[in-house]
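1. For reference, the sequence and a predicted model appear below.
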Amino acid sequence: GIQVEQSPPDLILQEGANSTLRCNFSDSVNNLQWFHQNPWGQLINLFYIPSGTKQNGRLSATTVATERYSLLYISSSQTTDSGVYFCAVVASSGGGADGLTFGKGTHLIIQP
Amino acid sequence: EPEVTQTPSHQVTQMGQEVILRCVPISNHLYFYWYRQILGQKVEFLVSFYNNEISEKSEIFDDQFSVERPDGSNFTLKIRSTKLEDSAMYFCASSAQGRNSPLHFGNGTRLTVT
């Protein structure tokens, strides 16, 4: 199946810093989503971005489908941004009801 | 904004007992999914469901698991005889058009098997 690699695995930053999280995937995709898992375990959908660039407030994401990677940018980090960020994809080669394959996540800690 | 809702939020059960986890997907969605996340690990796909039948399932989804859409709104995951290693967060998700549309996740049910 498709492989999803996220980097870095862990990231510790001071409040106000910017960060870039990366997601590499091994095959072409129909679906790519970024999630934030908060300390209560909830998966918060950040972006649906199989290609192109999107922005939502301090967060933005870019997927370069031809090169099989996606980037999540967080600007002016706040302590509430702490948590695990997951990238998840659906391979183009699969069936219509294929589920997302998740990466292992980036554990982000924002210190005050 | 419509949400996927899951109940209960926490469930504690004894090994060998049956549990049923419940989900109400977004009303106009056609594809339904269950995922599992063991504490500290990544989210793993269990099963997808479309047109009243299982479409895809992972190796994790063995004979002790089953899914059902008993009416027009609920989607359930049953674990027949729970094991200690079934302790995890279970997420339900739904999407309008399967792989060509975003999946929307519920808040999860934290299952603890003792």
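-> Looks like it arrived, so ask away. Numbers count the residues shown, from 1 in each chain, chains lettered A, B, ... in the order given.

2. which bits of chain B sit near chain A?
-> Within chain B, the positions lying close to chain A (Cβ under 8 Å from any Cβ of the partner chain) are B:31, B:33, B:35, B:37, B:41-50, B:55-56, B:58, B:89, B:91, B:93, B:98-105, B:107-108, B:110. Just so you know, the C-beta spots here come from the backbone N, C-alpha and C atoms, and that holds for glycine as well.

3. Chain neighbours aside, what residue packs nearest to the residue nearest the centre of chain B?
-> Nearest to the geometric centre of chain B sits B:Trp34, at 3.1 Å (Cα atoms, centre = their mean). Distances taken as Cβ to Cβ, 6 or more residues apart in numbering or on different chains put B:Leu46 closest to B:Trp34, at 4.3 Å, once the chain neighbours are dropped.

4. In which helix or strand does that neighbour reside?
-> strand B:44-50 (DSSP states H and E).

5. Please apply the same query to A:Asn31.
-> Counting by DSSP H and E, A:Asn31 is found in strand A:29-37.

6. same thing with B:Ser73?
-> Counting by DSSP H and E, B:Ser73 is found in no helix or strand.

7. separation between it and chain A?
-> 19 Å (Cβ to the nearest Cβ, to the nearest Å).

8. beta partners of the spatially closest residue to that residue that is not a sequence neighbour?
-> Once flanking residues are discounted, B:Ser73 sits nearest to B:Val24: 5.4 Å by Cβ to Cβ, 6+ apart. B:Val24 has the following beta-bridge partners by DSSP bridges: B:Thr5.

9. what do you get for B:Glu53?
-> Here B:Glu53, judged by DSSP bridges, has bridge partners B:Tyr50.

10. Stretch A:23-43 and chain B in contact?
-> Yes - using Cβ under 8 Å from any Cβ, we find that stretch A:23-43 touches chain B at A:30-31, A:33, A:35, A:40-43.

11. For that stretch, list every residue counted as buried.
-> By neighbour count on 16 or more other Cβ atoms under 10 Å in any protein chain shown, the buried set for stretch A:23-43 is A:23, A:25, A:29-37, A:41-43.

12. Could you pull up the residues touching the residue nearest to A:Val90 when sequence neighbours are not counted?
-> Spatial nearest neighbour of A:Val90, excluding adjacent residues (Cβ to Cβ, 6+ apart): A:Asn31 at 3.9 Å. By Cβ atoms under 8 Å, 6 or more residues apart in numbering or on different chains, the contact set of A:Asn31 is A:48, A:50, A:89-90, A:100, B:99-103.

13. which ones among these are found in strands?
-> A:48, A:89-90 (DSSP state E).

14. Any chance of these in CSV with pLDDT and neighbour count as columns?
-> Compiled in CSV, the ones in strands among the contacts of A:Asn31 are given as follows (pLDDT from 0 to 100; neighbours: other Cβ atoms under 10 Å in any protein chain shown):
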residue, pLDDT, neighbour count
A:Tyr48, 96, 16
A:Val89, 95, 28
A:Val90, 92, 26
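
15. which residues of chain B fall in strands?
-> For chain B, the strands defined by DSSP E cover B:5-7, B:10-13, B:19-24, B:31-37, B:44-50, B:53-57, B:65-68, B:75-79, B:88-95, B:104-105, B:109-113.

16. Now do the same for A:Leu46: helix, strand or coil?
-> Following DSSP: H, G, I helix; E, B strand; the rest coil, the label given to A:Leu46 is strand.
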